[in-house]
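Colleague: sequence? don't have it. structure:
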């Protein structure tokens, strides 16, 4: 087999900068650098501005996304489990979640695609859940898992939607497991019965239809992250 | 005339930063347009901006780089730092070397010359005004494009971190304002580049000096 010089050069450069595999080579190096920059900029006390009521996006124009063929329906007797590096693992029903301190905020949502939209959300702060289960400070990461399943590759295996977060962003006061939007309970499209919502991450990090919250010592990938999207994705 | 402090028309630092800009700006623009293609609208969801004539226009694939949204974002956020670093090297070198004196647009010194040059280009005036390295119009456009670059970087940072840098984003009218300014800035940079290339093609000596450094003064 003979290679032209141009072909050899392209082969040599390909692993270094290949946008179809952006976690590797030069682009991967820069992604890790950018994650450090973003983590360095992050302040837990820095709140996203509360949006005025007039800024609310018409709910009909607030897009809903899914990776499953249909919006998934919660299984009978759904609960969310909070586990991993915790002193006291929890299994909570929606009724039990509603009894925990409620947090409300109206903020701008930032999608990786470039659009923004405003809604108000309510639910339980992750920092409250973390205290309740005695989350270990050594758990620097939290993985959120959904009962939604998608098929990243046509004909490939079904994959659960999930996303792994840095603990700092998880414990931000505007990061909640939400059970309501714009004053009403979540609809199935919006992630009912429970979804992650945060003012400090891009939309794809906010797992919908959550049933597992796992405190971990190491970062993990995620549904979109494994396909090449940025892991940190803070805003 | 050769003096002890002979400076070429285009010193090495200028040539290096200038030519580094070419691939960096091209890739930033092309990956930026790939990112735009993921949501080719201006204004937040449900409130498309009425001033924007290109709603739903997707840039053609030959203008885009990265192949898909994630690839384009990784390219954009990787190369952005190099573009900023290149710009900072240029500005620091300008300040330290004193080169800014014959390059920067100083309104009192250069305004009249800029107007006269414009008149000459529009055939209102028969002879070109006297000039040093650059005429007033060149100084104006080369200085303006630096400000344009600063606006691009700041609006880009506001888009990247609209919450952590919420004050900066507010300066641009919020996230969607920053997004519009970031795109308008790209259009202005593209306009500058077209004009710039046209002008140096008309003045081959200037074209040569950005490769070789040109004559020493």
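Modeller: Nice, thanks for sending it over. Since the model is a prediction, treat every value here as computed from it, not as a measurement.

Colleague: From residue B:34, how far off is residue A:229?
Modeller: Distance check for residue A:229 against residue B:34: by C-beta to C-beta, to the nearest Å, it reads 14 Å. C-beta coordinates here come from the backbone N, C-alpha and C atoms, glycine included.

Colleague: and for those two, which residues touch both?
Modeller: Counting by C-beta atoms under 8 Å, 6 or more residues apart in numbering or on different chains, the shared contacts of residue A:229 and residue B:34 are residue B:69.

Colleague: List the contacts of residue B:27.
Modeller: B:65, B:75, B:79.

Colleague: Show me the one in the residues you listed that has more neighbours than the rest.
Modeller: Ranked by neighbour count (other C-beta atoms under 10 Å in any protein chain shown), the contacts of residue B:27 have residue B:75 at the top, with 26 neighbours.

Colleague: And the strands in chain A?
Modeller: A:80-84, A:90-92, A:103-110, A:116-125, A:141-150, A:159-166, A:175-181, A:184-185, A:195-198, A:210-216 (DSSP state E).

Colleague: Would you mind giving the orientation angle of the fourth one with respect to strand A:175-181?
Modeller: Counting by axes from the mean of the first three to the mean of the last three C-alpha atoms, to 10 degrees, strand A:116-125 points 110 degrees away from the direction of strand A:175-181.

Colleague: now for strand A:116-125, which elements pack on it?
Modeller: Applying 3 or more C-beta pairs under 8 Å, 6 or more residues apart in numbering or on different chains; DSSP states H and E, we find strand A:116-125 packed against strand A:103-110, strand A:175-181.

Colleague: For it, which outside residues touch it?
Modeller: A:51, A:55-57, A:59, A:61-63, A:97, A:100-111, A:173, A:175-183, A:194, A:197, B:44-46, B:162, B:175-176.

Colleague: ok, 7 Å please
Modeller: Strand A:116-125 is contacted from outside by A:51, A:55-57, A:62, A:97, A:100-106, A:108-110, A:173, A:175-183, A:197, B:44-45, B:175-176, using C-beta atoms under 7 Å, 6 or more residues apart in numbering or on different chains.

Colleague: Okay, now the sheet partners of that strand, with direction.
Modeller: Counting by DSSP bridges, the strands paired with strand A:116-125 are strand A:103-110 (antiparallel), strand A:175-181 (antiparallel).

Colleague: Just the buried positions in the longest one, please.
Modeller: The neighbour-count check on strand A:103-110 (16 or more other C-beta atoms under 10 Å in any protein chain shown) flags A:103, A:105-110 as buried.

Colleague: Next secondary structure element downstream of the helix or strand harbouring residue B:94?
Modeller: Taking DSSP states H and E as the criterion, residue B:94 maps to helix B:69-97. On the C-terminal side of helix B:69-97, the closest following helix or strand by DSSP H and E is helix B:100-103.

Colleague: What mean pLDDT does that following helix get?
Modeller: The average pLDDT within helix B:100-103 is 92.

Colleague: For residue A:33, give its distance to residue A:97.
Modeller: With C-beta to C-beta as the criterion, residue A:33 and residue A:97 are 38 Å apart.

Colleague: Have a look at the two and say which one is more surrounded.
Modeller: Just comparing residue A:33 and residue A:97: by other C-beta under 10 Å the higher neighbour count belongs to residue A:97, 20 against 13.

Colleague: thinking the more buried one is in contact with residue A:178, fair?
Modeller: No - applying C-beta atoms under 7 Å as the test, residue A:97 and residue A:178 come out as separate, 10.0 Å apart.

Colleague: What segments of chain B are strands?
Modeller: Under DSSP E, chain B gives no strands.

Colleague: Contact residues of it facing chain A?
Modeller: Within chain B, the positions lying close to chain A (C-beta under 7 Å from any C-beta of the partner chain) are B:35-36, B:38-39, B:44-46, B:66-67, B:69-75, B:77-78, B:161-164, B:166, B:175-176, B:179.

Colleague: thought residue A:90 was touching residue A:84?
Modeller: No - applying C-beta under 7 Å as the test, residue A:90 and residue A:84 come out as separate, 11.1 Å apart.

Colleague: number of nearby residues for residue B:87?
Modeller: Count around residue B:87 with other C-beta under 10 Å applied: 19.

Colleague: That one contacts residue B:150, correct?
Modeller: No - using C-beta under 7 Å, residue B:87 is not in contact with residue B:150, being 8.2 Å away.

Colleague: Helices of chain B, residue ranges please.
Modeller: B:12-38, B:69-97, B:100-103, B:107-121, B:136-160, B:166-171, B:174-202, B:204-212 (DSSP state H).

Colleague: List the contacts of residue B:9.
Modeller: Taking C-beta under 7 Å, 6+ apart as the test, what residue B:9 contacts is B:133, B:209, B:213-215.

Colleague: Quick check: which of these has the minimum pLDDT.
Modeller: Within the contacts of residue B:9, pLDDT is lowest for residue B:215, at 81.

Colleague: Name the nearest residue to that residue, sequence neighbours excluded.
Modeller: Computed as C-beta to C-beta, 6 or more residues apart in numbering or on different chains, the closest residue to residue B:215 that is not its neighbour in sequence is residue B:9, at 6.2 Å.

Colleague: how near is that neighbour to chain A?
Modeller: 34 Å (C-beta to the nearest C-beta, to the nearest Å).

Colleague: What average pLDDT does stretch A:166-182 get?
Modeller: On average, stretch A:166-182 scores 98.

Colleague: and it, how far apart are its ends?
Modeller: 27 Å (C-alpha to C-alpha, to the nearest Å).

Colleague: Okay, domains of chain B per the record?
Modeller: What automatic domain parsing lists as the domains of chain B is B:9-39+B:60-103, B:105-217.

Colleague: between these, which one is nearest to residue A:164?
Modeller: Closest to residue A:164 of those, according to C-beta to C-beta: domain B:9-39+B:60-103, at 16.4 Å.

Colleague: How far does the closest one sit from its chain's centre?
Modeller: Centroid displacement of domain B:9-39+B:60-103 relative to its chain, using C-alpha atoms, centre = their mean, to the nearest Å, is 9 Å.

Colleague: show me what contacts the residue nearest to residue B:83 when sequence neighbours are not counted?
Modeller: Spatial nearest neighbour of residue B:83, excluding adjacent residues (C-beta to C-beta, 6+ apart): residue B:24 at 4.6 Å. Neighbour list for residue B:24: B:79, B:82-83, B:86 [criterion: C-beta under 7 Å, 6+ apart].
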